[in-house]
Structures are given as C-alpha cells and as structure tokens.
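Colleague: Predicted coordinates and the sequence they were generated for:
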Amino acid sequence: MMQVNDLISIITPLYNGERYIEQTIKSVLAQTYENWEMVIVDDLSTDRSVELIKGYVQKDKRIRFYTLSEKGGASIARNKAILEAKGDYIAFLDSDDVWKPNKLEKQLAFMREKDIDFSYHNYSLIDENGESLHIRRIAPAELSYKRALLGCSIGCLSVMYNAKRVGVIQIEKIDKRNDDALWFKILNICQKGYLLDKDLANYRIVNSSLSSGSKLRLLKYHYLLYRTSVKFGYIKSMLYTVANIFVYFSNKRKREIRF
C-alpha cells in the first residue's frame with residue numbers, strides 16, 4: 001500500500017440512486033489507497049438513497065454528504081461537491097459506477113511519477129445487474145483542449161486532476177454532457193490530459209437502447225454544450241456538434257474492444 005499524504009476527493013452527484021449507490025460506496029471503501037474523502041451531493045432524491053448513504057456516513061467519517069437546497073441537476077451537484085472538496089487531487093465517480101480496488105493507488109502513482117495534472121484510464125462495461133458485457137473502452141493516449149472539443153472520449157469515472165494546480169472548477173448548468181464541460185475547462189488550464197493504460201473501473205450501462213427521439217435530444221445537448229459552456233456562436237456550435245457526432249461514430253470501433 002502506498003504511504004503518501006495526498007488527499008483525494010471523490011466527487012459523486014446523486015439522484016435516486018438507491019439501486020446502485022451502496023455498490024459504488026463499497027468500491028471506494030475497498031480502495032488500497034486510503035487517504036480519500038467521498039463528497040456526495042444529493043439533488044433532492046425521492047427514493048431511499050439518502051437513508052442508505054447516511055448509514056455509511058455514520059460509519060466512516062471520510063464520507064461526507066450534502067443536499068442541494070433546490071433541484072439543480074448533475075452539473076450543480078458536481079459544482080457543490082467540488083466547492084466542498086478538500087483534496088489535493090479530485091476524482092469522479094457517478095452513483096451507479098464502481099472502481100476496482102487499486103484505482104486510486106495506481107492513478108495517483110502515475111500522476112506523481114509523470115508530473116501530470118490531468119489523467120484518465122480505460123474501463124469496462126457492465127449491465128444493470130453488474131454482469132460483464134465483455135467490452136472495454138480505450139481512451140486516447142493524449143487529449144488536448146482542441147482535440148477534446150471534437151470528441152471527448154474519456155469516461156467520467158476515470159478522470160483525476162491535480163486540484164492544487166488546476167484550481168477550483170465550476171461549470172454552467174447543463175442537464176447532459178456536463179462532465180465534458182468540466183474536461184474542457186480543466187484542459188483549457190493544463191493543456192493536456194494523459195492516459196494511464198490500465199482498466200481500473202466498471203461503467204454501468206443502464207437503459208442503453210435509445211429511441212429516435214432520445215437521439216435527437218442528445219444532439220440538442222451536444223449543441224448546448226458548445227453554446228453554454230464554450231460560448232461558441234450559433235454556427236460554430238452547430239459545426240462542432242456535427243463534427244462531434246462524426247468523430248464519435250468513426251472512432252467507436254477503435255474505442256471498444258471485446259475480451
């Protein structure tokens with residue numbers, strides 16, 4: 001086990017996550033690197049999520065829990081968690097995903113050894129029941145700000161950045177793709193992100209089948225990302241939306257490998 005003093009803050013937005021949140025928390029508790037805090041921010045859940053989390057908060061003081069005063073969505077919940085974070089490094093874990101036990105240890109060692117401020121890693125896909133789909137998503141070896149604008153093919157559950165160097169990041173209210181808005185802002189500061197070429201997490205696929213209406217709504221969220229977060233004009237936002245969709249489908253086979 002690593003013996004270093006860097007505190008890692010884990011950012012977890014929550015809304016009606018009672019089905020999976022305990023698995024998520026248990027994957028954090030199982031980490032071989034133990035100097036972490038988990039900052040969970042609830043977006044006014046209506047299920048048993050809060051009740052379940054409070055039990056863990058009472059057992060482990062490293063888990064901190066907050067509730068938004070009014071509904072704001074994942075972007076506002078992430079903003080609140082980042083403001084409350086005390087860590088030297090910040091990592092992200094959504095309330096239905098899980099980390100492998102050596103995730104924090106391996107990623108922190110990688111960033112310290114290479115003197116990197118922004119990193120990410122590969123991850124595998126699981127279904128709603130936690131069964132492997134035998135698909136691994138592979139991230140690019142490097143990611144610049146300009147390249148990210150054309151397609152930010154990294155998983156939220158894989159990202160860690162140096163909070164002391166990057167500073168406090170806050171994003172606009174965006175209902176979808178708010179994680180990409182974060183990466184844009186971070187990369188605009190530190191210029192590049194780097195891949196730790198290891199599979200260190202499981203991303204859960206829930207309701208993976210999208211209707212044609214849902215796909216059209218996703219196009220809208222792509223567009224709003226560029227208009228709201230990057231502050232592009234109407235035409236430039238449209239062009240980047242089209243480019244992003246093209247890059248996604250052209251790289252899909254390269255990004256996913258079966259095992």
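Modeller: That came in fine, so what should we check first?

Colleague: Which of the helices or strands spans residue 75?
Modeller: Here residue 75 sits within helix 74-84, counting by DSSP states H and E.

Colleague: what do you get for residue 6?
Modeller: Applying DSSP H and E, one finds residue 6 in no helix or strand.

Colleague: Of all the residues in the helix holding residue 75, which ones are buried?
Modeller: Neighbour counts over helix 74-84 (16 or more other Cβ atoms under 10 Å) mark 74-82 as buried. In short, each C-beta sits where N, CA and C put it, glycine included.

Colleague: and if you look at stretch 116-130?
Modeller: Neighbour-count burial for stretch 116-130 [16+ other Cβ under 10 Å]: 116-126.

Colleague: from the residues you listed, which is closest to residue 170?
Modeller: For those, the minimum distance to residue 170 (Cβ to Cβ) is 16.7 Å, reached by residue 118.

Colleague: list the contacts for the closest one?
Modeller: By Cβ atoms under 8 Å, 6 or more residues apart in numbering, residue 118 lies in contact with 159-162, 166, 186-187, 190, 192-194.

Colleague: Now distance to residue 225 too, for the buried residues of stretch 116-130, in a markdown table please.
Modeller: Listed next are the buried residues of stretch 116-130 as a markdown table, based on distance: Cβ to Cβ, whole Å:
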| residue | distance to residue 225 |
| --- | --- |
| 116 | 25 |
| 117 | 23 |
| 118 | 19 |
| 119 | 22 |
| 120 | 18 |
| 121 | 23 |
| 122 | 24 |
| 123 | 22 |
| 124 | 26 |
| 125 | 23 |
| 126 | 26 |
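
Colleague: State the pair within these that is farthest apart.
Modeller: Going by Cβ to Cβ, the pair spanning the buried residues of stretch 116-130 furthest: 117 and 126, at 29.7 Å.

Colleague: residues in contact with residue 156?
Modeller: Contacts of residue 156 (Cβ under 8 Å, 6+ apart): 92-94, 97, 179.

Colleague: Please disregard the earlier target; I meant residue 64.
Modeller: The contact partners of residue 64, by Cβ under 8 Å, 6+ apart, come to 37-40, 57, 84.

Colleague: make it 6 Å
Modeller: residue 39 (Cβ atoms under 6 Å, 6 or more residues apart in numbering).

Colleague: what helix or strand is it on?
Modeller: Here residue 64 sits within strand 63-67, counting by DSSP H and E.

Colleague: Compute the distance from the centre of stretch 173-180 to the centre of its chain.
Modeller: With Cα atoms, centre = their mean, to the nearest Å as the basis, stretch 173-180 stands 11 Å off its chain's centre.

Colleague: Just the endpoints, please. Distance across that stretch?
Modeller: From its first residue to its last, stretch 173-180 covers 12 Å (Cα to Cα, to the nearest Å).

Colleague: For that stretch, give the mean pLDDT please.
Modeller: For stretch 173-180, mean pLDDT rounds to 89.

Colleague: How about residues contacting that stretch?
Modeller: 73-76, 152, 156, 171, 181, 221, 225, 228.

Colleague: Among the residues you listed, which pair sits farthest apart?
Modeller: Taking Cβ to Cβ, no two of the contacts of stretch 173-180 sit farther apart than 76 and 152, at 20.3 Å.

Colleague: Report the strands that pair with the helix or strand hosting residue 202, each with its relative direction.
Modeller: Secondary structure from DSSP H and E places residue 202 in strand 192-204. Strand 192-204 has its sheet partners listed here by DSSP bridges as strand 98-99 (antiparallel), strand 118-126 (parallel), strand 142-144 (antiparallel).

Colleague: Extract the CA atoms of the second one and return them as CSV.
Modeller: Same thing as strand 118-126. Output of strand 118-126 as CSV, limited to C-alpha atoms (Å, rounded to 0.1, in the frame of the first residue of the first chain):
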residue,chain,number,x,y,z
PHE,A,118,-4.9,15.6,-15.6
SER,A,119,-5.2,11.9,-16.3
TYR,A,120,-7.8,9.2,-17.2
HIS,A,121,-7.8,5.4,-17.8
ASN,A,122,-9.6,2.6,-19.6
TYR,A,123,-12.7,0.9,-18.2
SER,A,124,-15.0,-2.0,-18.8
LEU,A,125,-18.8,-2.1,-19.3
ILE,A,126,-21.2,-3.9,-17.1
